[in-house]
Each structure stands twice: as C-alpha cells, then as structure tokens.
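Student: return atomic coordinates for the entry below.
(chains A and B)
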2 protein chains.
Amino acid sequence: MPAPRTLHLNAFLMNAGHHDAAWRHPASSPERVTDVRYFQELARTAERGRLDSIFFADGVALWGKARYNALGGFEPITLLSAIAAVTEHIGLIATVSTTFNEPYNLARKFASLDHISGGRAGWNIVTSGTLDEARNFNREEHLEHGLRYDRAREFLDVATKLWDSWEDDAIVLDKERGIYADTDKLHPAAHKGEYFGVAGPLNVPRSPQGYPLLVQAGSSESGKEFAAQYAEAVFTAQQTLADGQTFYKDLKSRLARYGRTEDELLVLPGIAPVIGATEAEAKALERELTELQVPEYGLAQLSGMLGTDLTGADLDGPLPELPEEREINGNKSRFTLVAEIARRDGLTLRELIARLGAGRGHRVFAGTAEQIADQLEEWFTQGAADGFNIMAPVLPTGLTDFVDQVVPVLQDRGLFRTEYEGRTLRENYGLPRPANRHTR
Amino acid sequence: MPAPRTLHLNAFLMNAGHHDAAWRHPASSPERVTDVRYFQELARTAERGRLDSIFFADGVALWGKARYNALGGFEPITLLSAIAAVTEHIGLIATVSTTFNEPYNLARKFASLDHISGGRAGWNIVTSGTLDEARNFNREEHLEHGLRYDRAREFLDVATKLWDSWEDDAIVLDKERGIYADTDKLHPAAHKGEYFGVAGPLNVPRSPQGYPLLVQAGSSESGKEFAAQYAEAVFTAQQTLADGQTFYKDLKSRLARYGRTEDELLVLPGIAPVIGATEAEAKALERELTELQVPEYGLAQLSGMLGTDLTGADLDGPLPELPEEREINGNKSRFTLVAEIARRDGLTLRELIARLGAGRGHRVFAGTAEQIADQLEEWFTQGAADGFNIMAPVLPTGLTDFVDQVVPVLQDRGLFRTEYEGRTLRENYGLPRPANRHTR
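Tutor: Presented below is the predicted three-dimensional model:
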C-alpha cells in the first residue's frame, strides 16, 4: 500500500507580513526587518511546524511607495545562507531573476547554498517584469515578455549544464598518488547560444541535490509553458476552487509533452490565512488591517499590478478602462487576475484595494484554525493543490499561529507530516535528485 | 597620549591551505572543503585569536589544474553570510569582480552582508585577469587591463551612490500616521556613465558600516592608483623588507592627490608562516610540503601567473624568455614579481616552483613563533606594513598554530589587541564610517 498523499507547505515570508498595513499593526516588528535574527526566528518557527520550506520573493528595484511601505530588502541568497546556518531541515527558496543575472554566477551561488545548507536550496525562477528594474541595469525599456522567457530557457539550459559539470564522484583525493580529481569526470559546459556563451566547468563540485529545487510562479501562457518544461513546484494565485482546479489541470496536462509525469511538478496556490480563535475574531483582525491601509499606497500597488497609472482616480468609482493583457509587458497573469476580481465582484477601487491588501491577488481566508484546515483540505483533495504557499498577513504572529494552530489540525487529519521525511528539500517535497547528464 | 600603534591581522583562508600540496599533507582535511562547518570553525579560530578579519580570494572559473588541486569554490558572499551567523566579531572580506558583475546586484549583496553581520563586511575589489573567466561570460578575449580599471572606477562610483541612496535615518516607522520612510531622505543614484546606467535607489537601507570596508590587491601601476583612490586596506605580495618599504611608501604617497591621509589606507603584505616548535621543525615541515608538490601542477600554476605556457619546459633549466609586463593582460604585478624572484636568485624552474609553492609569490617564512613575530614586528616598525595577510600553508593547523603561538607573542609585545576595539570591521581596523554624500 502506498503512503497516503500528504500536502506540502511553504512559508512565504515578507518583512512585517503580507498585508499592506502589516507594519502598522501592533503585533508586527517592522524595525526588525534589517535584523537577520528576525528572519532566522521566522525560519525556526516554520521548521518547528515541519513546513517544507521558506521562500523570499524578490525584485531588483525598490518595491512599493516607500513613504507608506517598503517590501523585500536583503538579497535572498545571502539572507538564506545566514538562515541555513541556524536551521537543519527547512528548505530555502530564493527568487532570482534570469534577466538581470549571468548563469555562471547564479549557478555557482545556488550550488554554494545547496552545499552550505546540506541540500536545502530552491530557486524561484523569475524573468522580472518592471521598468524600475530595467532602469537599474542600463535599460530604458524592459526586455519583451516573450524574449524574457527565451532568455530564461537558455539560462536554465546553461545552469543545468554547469550543475552537471562535475560528476558526483569526480573528486578523488588520493593523497598518496597526488590525484585531486578524476578529470574524466569533469565536463565543460561548452555552451554557445543566443544569449550566453559559457565555457565551464563550474568551480563548485556537484551539490547534495544536484540542482536546487526549481520553482516558478508565472501563470501567463509563457509562464505555464516554462513551468511545464522546468519547474518542480509552482506558486500560483487562484481565488476560487474552480479556478484552482482549472489551473491545476491545465498545468499538469502540459507536462507530458516534455516527457514528464504529473507527480514531477507540485502546484502550491497561495493563501493568506487570517487566523482567529473564533471566526468573529478572525474577521475583526481582517477589518483592523483594512482600516490601517493607506489608500495612496494601495493605489500605487494596484497601478503597478495593472501597469496603468491610477494616481488621482476616484476611490469610490469602478476600476477605469484597462488595456488588453497582450499589451502588458509586466506580470501578465497578475494583471488578468486583478482585473477579473474587480469585474466579477463589481468592486470600487477602494474595495479592490481592501481585497488585495492581504495577499496582492492571492486568496485571503479569515477563520478559525479548523476552518482554514477545511479550506486547505478541500483544495488538496479536490484537485486544486498539492500543497500551499502560506502568506501570513502579519509576522511573526501569523506564522506562529499557523504553526501552533493550523498545522496540528492538518497533522491530526493525516494530511501533513509530523516529522521530516528526508534530509534535503527534494526529499521532503518527494521529488527525485536529478541524474547527471554525463552518467545517465 | 595617543594609543600605541598596533598591527592588523587578516586570515586569508584557502581550502586545505595555501601550499600547493597542502591537501596531500596528513594535517589537512581536503574532504571538508565543501562542508560549511569547516570554514565556520576556521573563522572561529581566527576570532579566538582576535584577528581583524578573514578573507576569501575568488575567481569566476575553475582555478588550478583540477587533476592535482582545485582552489576556491563557494561563492564568497554566500559563504561569508553562513559564517556571519556563527561569529560575532571577525570581519568578513569577500573578493568580487567588477568585470563580471552588475553594480546594483553587488551593492545590494554587500549591503545585505553588512546588515546580516552587524557591520563586518569587506569587499576585495578585483578586475579579474584570466581568459578562463572571460570565457564563462560570453567573451573570447579578456577586457584590456586599463579598461578593466576604468570600469572598476565607474563601478565604485555607482556602488557608493547606491550605498548612500538611503540616509541613515530615512526609515521613520510612524505606525500612527502610516509613514514608513521619509522619502526626502531617499535618493536616486541617477547614474548615466560609460559602462553603467543605474536609476536607484538601492532596495536595502544604509548598512551599519555605510560602505563595506574597501580592499584592493592589485599592485600594478593602475592597481596602485585605483587603491590610492578607493581602497582602505591593500593586500600585497612583497618578498623583502626593502621591497615592502618601497611599496608602502609609494602607495601612501599617492593618497594626497585624492585628498586622503596616510592613515586612511592600511598596507597588509602577505606572509605564509611555516611554524615549528624549533626552527629545524619548521624547516622540516617546509621540506615535507615541497616534497609533496606535483611538478605538473606547479608548472601549470606558474604558466598562469606568467601568462606563458610552460608545458614541457625543462624543470632543471632556467625560466624561459618572457614577454614584457606591458604585454601581459592578466595580473601584471604578479607576473613581474615572479619573474623577478627567478632572475634575482637564479632559480631553475623546479626551484622556482618550490619557492612559489607555499605562497604563490607571497613571502614564505619558516621558523618558531618568536622568529615569526620578529619578522612581523620588523616590517611593522620599519615602514613596510600596517599589518599582515596571514596565509597558513596548511589548514586548519597552520591557523591554529598562528593563533595559539604567534598571536600571544605579539600581544605580549604590545603589538596586537587582546580584545576587539569595536563592533564593526571598520572600528577594528581603526577606519571611519563614511559619511553619506547627501548629509555631508
């Protein structure tokens, strides 16, 4: 009898919390977001809850309208390495852009983090979508959406060549004969392509996981196709069970054309759980956060998501006319999702800003631990999810509450582990270690 | 009365040790060079000895002839971040290339490491000199030596603009009024230059040290001039007291033209101390290491340093005719140093390889702890050094012996601290925190 299917949980960490106004809430500690111990404590909380991994989103420009909030900060691999040093089991997933990095440097950083963490590194592959980022890299225009994915595919091709450039047993260390490495087991990358020319080999031996866990979060047509080809876990924003099921089925159905099976890619929708001892308490916390929102900030965030400047728009009017998705060169899927929420529910701008406040388009659910567990179970058993990307609205409390209240319910129901299955991130996600192309 | 002048010590860490054959020596642990705990232990040993800092050299290609040895490995900032998490005082200096990185990414990584370590980050700025590196970055030729320094200067200009883009008190965190940052204290980089266009601001607030400690190691004419303009500490390879004095005086004399005083830059010559309980024991260890050398490896290393392929050359003959320094597009100063050693002492190739084995051109001194302390004191008091770059021939023993045997002698003589003076790397090096350009 095979082991029962269990779900996977990733803690998506974000400064004072995911809610726009989290930093204003008394439970948050925004003054600690430049203190590495704050993130180390969050990681240890997630590890105490036996979560699979923690994850940092990232962009290479200042995010948000800094007068009202600033997101992100530390370069994620540097931060995760300091977290690796004080944790043992939790996976460490960093977002890094294929548009604004070179594959040799990046392959090396991930190989380093994977060694340093004993096989716990993951890479959330992004192509970067904003003009603010392009302008930090000598460009006045952003690389076109389709070309960004072309570059990303070639980037992955190079990175995997580099990760395979040392066979696992290439290092010999024969002190007697003076042979350090068996150079027959060292391979150049010898890559010559459209975007990159990389000789190789990498200067880091093959790491515990071979490759970091490959994660992806774009849900546009190009994003889904890229995910089907490369990703092993996908973070996605889905508002309803039906949408979640459609996305899940769509993505899984694309795997076969790349010679992959459905269990080789895990779908993890985001959820911002607002947890209360009673449903009324949870709803009260949700309202409290909404009341702390600064409309100018929400409008700036919304302008960014929609690629449309909404400055000065009437907060009590409807969402103004928008361009078509095909005209959007940023995050196409987020654009469509947000426009859809506003249209479907007939929201005013003010209502839309409130709706997006906790999760920036991800699903928000306020309730008791039991009710939240019910939601997760439903999506997990009804073909919408293999696990979830947990986005605590306020940190550290939202994560502590999830670990102390929701996780035990999931464990009691046999839906979630009580001990880590393995030593590496791949082992805990139930995914294989990639074979080296030179020994297949 | 001013405090007596004391010297500064940096531990230059290198896998199994600096000697070519260190990994073959029974005291070394080459199997641990992919184990982060190995480096964490070395860092803690250095910290126990109250050393100012540890340092990793780096290149973005596989170093050495891997059949006989492989140097380096982990990306240094990633590694140092994991070391930061388990140390409190020791400075953390990473080598990173200005030729193969983008200033936005790099400024951000150093700001992150500086926050994570509580102000202990240092950057050894290199321009990268080898064709092997160029070929990992889509180039068939290496950027010409002078142009590399042009790019490096502009890189520093951009990086310092980014590190100043947040004033120290820009973050307000007024929860009541909903004001996160005072945007009057946030500044774009607005850089448009020959090599880079960077809008800014950085997405990391100003770090404890403002800028990481800026270190440089090139001793060519361009390198010295760059150091005089930007560096606060210089690692250099000098074989004799006279050469050390000449270099020291030369470099310090260049500072005035950049409006800097002589105490704003520390000169740290490298020394590979071979330590024995008696002089005879030290010499025996030196011989033991020489006997473990693999000539093919030494020849390959020498070929690299000289930019001249010596494969098949007669080991018992003299160094073949070499090009002029001006024709060398790699590490010019190392080329000249090595050619000079061979010529001055009339060495055969085999003897030259033995001489370079422990320090790759850095000074090697075998003796007792007292004798080594004498050497350091002489250079320090005779105008050749403000401190030293300590290159243990074999690790971990060479560092442990230095900390346990040489450091106490230096402390007894009043030449070295018994407790850390400050909390940051700059404080321990006695260097100021840079003022923000927007508040000067």
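
Student: pLDDT weak spots in the stretch 1-150 of chain A?
Tutor: A:1-2 (pLDDT under 70).

Student: could you pull out the helices for it?
Tutor: Ranges of helices in the stretch 1-150 of chain A, per DSSP state H, counting those that start in this stretch, are A:36-48, A:76-84, A:103-116, A:131-134, A:145-163.

Student: now the second one, how far from the centre of its chain.
Tutor: On the basis of Cα atoms, centre = their mean, to the nearest Å, helix A:76-84 is displaced by 15 Å from the centre of the chain it belongs to.

Student: helices and strands around that helix, which ones?
Tutor: Using 3 or more Cβ pairs under 8 Å, 6 or more residues apart in numbering or on different chains; DSSP states H and E, the elements in contact with helix A:76-84 are helix A:36-48, strand A:53-56, strand A:91-97, helix A:103-116, helix B:76-84, helix B:103-116. All C-beta spots, glycine's among them, are computed from the backbone N, C-alpha and C.

Student: what's it in contact with?
Tutor: Helix A:76-84 is contacted from outside by A:36, A:39-40, A:43, A:54, A:56, A:58, A:90, A:92-96, A:109-110, A:112-113, A:116-117, A:120-121, B:36, B:77-79, B:81-82, B:84-85, B:109, B:112-113, B:116, using Cβ atoms under 8 Å, 6 or more residues apart in numbering or on different chains.

Student: what angle sits between that helix and helix A:103-116?
Tutor: Angle, helix A:76-84 to helix A:103-116, by axes from the mean of the first three to the mean of the last three Cα atoms, to 10 degrees: 10 degrees.

Student: using CSV, write out every CA atom in helix A:76-84.
Tutor: Output of helix A:76-84 as CSV, limited to C-alpha atoms (Å, rounded to 0.1, in the frame of the first residue of the first chain):
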residue,chain,number,x,y,z
PRO,A,76,17.7,36.4,-0.9
ILE,A,77,20.6,34.0,-1.3
THR,A,78,22.8,36.0,1.1
LEU,A,79,19.9,36.0,3.6
LEU,A,80,19.1,32.3,3.2
SER,A,81,22.7,31.3,3.7
ALA,A,82,22.7,33.0,7.1
ILE,A,83,19.4,31.2,7.8
ALA,A,84,20.9,27.9,6.7
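
Student: immediately after the lengthiest strand in chain A, which helix or strand?
Tutor: Identified as the longest strand of chain A according to DSSP state E is strand A:266-275. Next along the chain after strand A:266-275, taking DSSP states H and E as the criterion, comes helix A:279-292.

Student: what's the mean pLDDT across stretch A:207-222?
Tutor: For stretch A:207-222, the mean per-residue pLDDT is 94.

Student: may I see the buried residues of that stretch?
Tutor: Neighbour-count burial for stretch A:207-222 flags A:207-220, A:222 (criterion: 16 or more other Cβ atoms under 10 Å in any protein chain shown).

Student: now, which of the residues you listed lie close to chain B?
Tutor: Applying Cβ under 8 Å from any Cβ of the partner chain, the subset of the buried residues of stretch A:207-222 adjacent to chain B is empty.

Student: and which of these is nearest chain B?
Tutor: For the buried residues of stretch A:207-222, the minimum distance to chain B (Cβ to the nearest Cβ) is 8.1 Å, reached by residue A:207.

Student: in this structure the closest one contacts residue A:164, no?
Tutor: No. Contact criterion Cβ atoms under 8 Å: residue A:207 and residue A:164 do not qualify, at 11.1 Å.

Student: possible to save the helices and strands packed on helix A:76-84 as a markdown table with distance to residue A:200 and mean neighbour count?
Tutor: Formatted as a markdown table, the helices and strands packed on helix A:76-84 follow (distance: least, Cβ to Cβ, whole Å; neighbours: other Cβ atoms under 10 Å in any protein chain shown):
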| stretch | distance to residue A:200 | mean neighbour count |
| --- | --- | --- |
| helix A:36-48 | 33 | 20 |
| strand A:53-56 | 28 | 27 |
| strand A:91-97 | 19 | 26 |
| helix A:103-116 | 8 | 27 |
| helix B:76-84 | 19 | 28 |
| helix B:103-116 | 21 | 27 |
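
Student: do you know which of these lies nearest residue B:271?
Tutor: Nearest of the helices and strands packed on helix A:76-84 to residue B:271, taken as Cβ to Cβ: helix B:76-84 at 21.6 Å.
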